[in-house]
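> Kindly return the folded structure for what I paste below:
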Amino acid sequence: MDPHVSHSYEKDFEIAFLRAKGDAFQTFFEQLMGRAFRADFMACRPWGNVGDKKNDGFLKSDRRLFQVYAPNDMTAAEAINKITEDFAGALKHWGAHFDKWSFVHNAYDGLPPHVHQLLLETERKNPGVKIEPWCLEELRVVFRRLSLDDLRSWFNYMPPTMSEQASIGFEEIRIVLEDIAARVMPANHPVMSVDPSKLRANRLSDSVQALLTAGMAKTPLVKRFFDEWHAPTYGERMAKAFTTHYQELKSSSPPLHPNEIFHELQQWTGGEKPKSSAQLAAVLAVLAYFFERCDIFEPAPSPAL
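Numbers count the residues shown, from 1 in each chain. The predicted structure is shown next:
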């Protein structure tokens, strides 16, 4: 698969993971597993007063049973109760069918130590069952099994390829920036230079870093647009618009992950109208320009003396 297309879809996968909570996370998990494994994955939904008998999905070829847990706010006590109750129920109802039990959760910053201890102790007491916590990186491995057709069907668009990103010209940049001009008219604001190490400092994922790096190759075209625009202060006013919107996103409650902030900026830059692949590539170039030249996201830390 084209690397730029792959990075674009992987960013969308990360956003879907970060935003899904509760039942929506269960649906996200089932969509992912169903597309990746087809009939080998058996989704299980609650049935009347019988429930799901502690089964949120079963991978037949791997004899793996899944339990999904993704509340809006995870606490150690709730997670411990959930694991204890669900594993006991899984053994009772499905013990003859699984050798692996996966606790799928959305705590991308890590499970509490008490939960780790419980998982290890549960596995020690049940030597015939391998117990694994699954989170973003485990699901990412599954995601990378998907074909291009799967990805287009799931996300309902086709990102630009590397060659399309490399071949965008001044006209595509002009269309995107003039569209922004019609939507926002910010006040003056100074533009600051940004060290490229800012990519790492802002905890952006590898896929987002790759997209911004690709976009930076076309930032001279963005600069040319501002240099040739009839209003000399337009570039600074545009920088203010991006800064203001970034600060609004950064102040969101609950807080947004840096990848979510990037995604929201990407959507805002592109506007509501459908975009061609060339225009999507131009949006990345514009974002990369303001990432590099003004204060969207946080500055890179100063080098130690």
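> which residues make contact with the lowest-mean-pLDDT helix or strand in the chain from outside it?
Lowest mean confidence among the helices and strands of the chain (mean pLDDT, DSSP states H and E): helix 170-183, at a mean of 75. Contact partners of helix 170-183, identified using CB atoms under 8 Å, 6 or more residues apart in numbering, comprise 218, 221-222, 224-225, 234, 238, 241, 269-271, 273, 278-279, 281-283, 285-286. C-beta: built from backbone N, CA, C; applies to glycine.
> One more: stretch 76-84?
For stretch 76-84, contacts defined as CB under 8 Å, 6+ apart pick out 67, 69, 71, 103, 105, 111-112, 114-115, 118-119, 122.
> which one of the residues you listed sits closest to Ser207?
Nearest to Ser207, judged by CB to CB, of these is His105 at 21.3 Å.
> hey, what's the closest one bridged with?
Beta-bridge pairing for His105 (DSSP bridges): Tyr69.
> As a markdown table, the contacts of stretch 76-84 with secondary structure and neighbour count would be great.
A markdown table is the format used below for the contacts of stretch 76-84 (DSSP: H, G, I helix; E, B strand; the rest coil; neighbours: other CB atoms under 10 Å):
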| residue | secondary structure | neighbour count |
| --- | --- | --- |
| Gln67 | strand | 22 |
| Tyr69 | strand | 20 |
| Pro71 | coil | 15 |
| Phe103 | strand | 24 |
| His105 | strand | 22 |
| Leu111 | coil | 18 |
| Pro112 | coil | 15 |
| His114 | helix | 12 |
| Val115 | helix | 22 |
| Leu118 | helix | 21 |
| Leu119 | helix | 20 |
| Thr122 | helix | 17 |
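> Check those for the minimum pLDDT and say which it is.
The lowest pLDDT within the contacts of stretch 76-84 belongs to Pro71, with 81.
> and that one, what is it in contact with?
Contacts of Pro71 by CB under 8 Å, 6+ apart are 21-22, 78.
> Can you read off the backbone torsions of it?
phi -70, psi 170 (degrees, to the nearest 10).
> Residue numbering should commence at 27 henceforth.
Okay, residue one is now 27; in that scheme the one you just asked about reads as Pro97.
> which SSE is Asp82 in?
In the assignment (DSSP states H and E), Asp82 maps to no helix and no strand.
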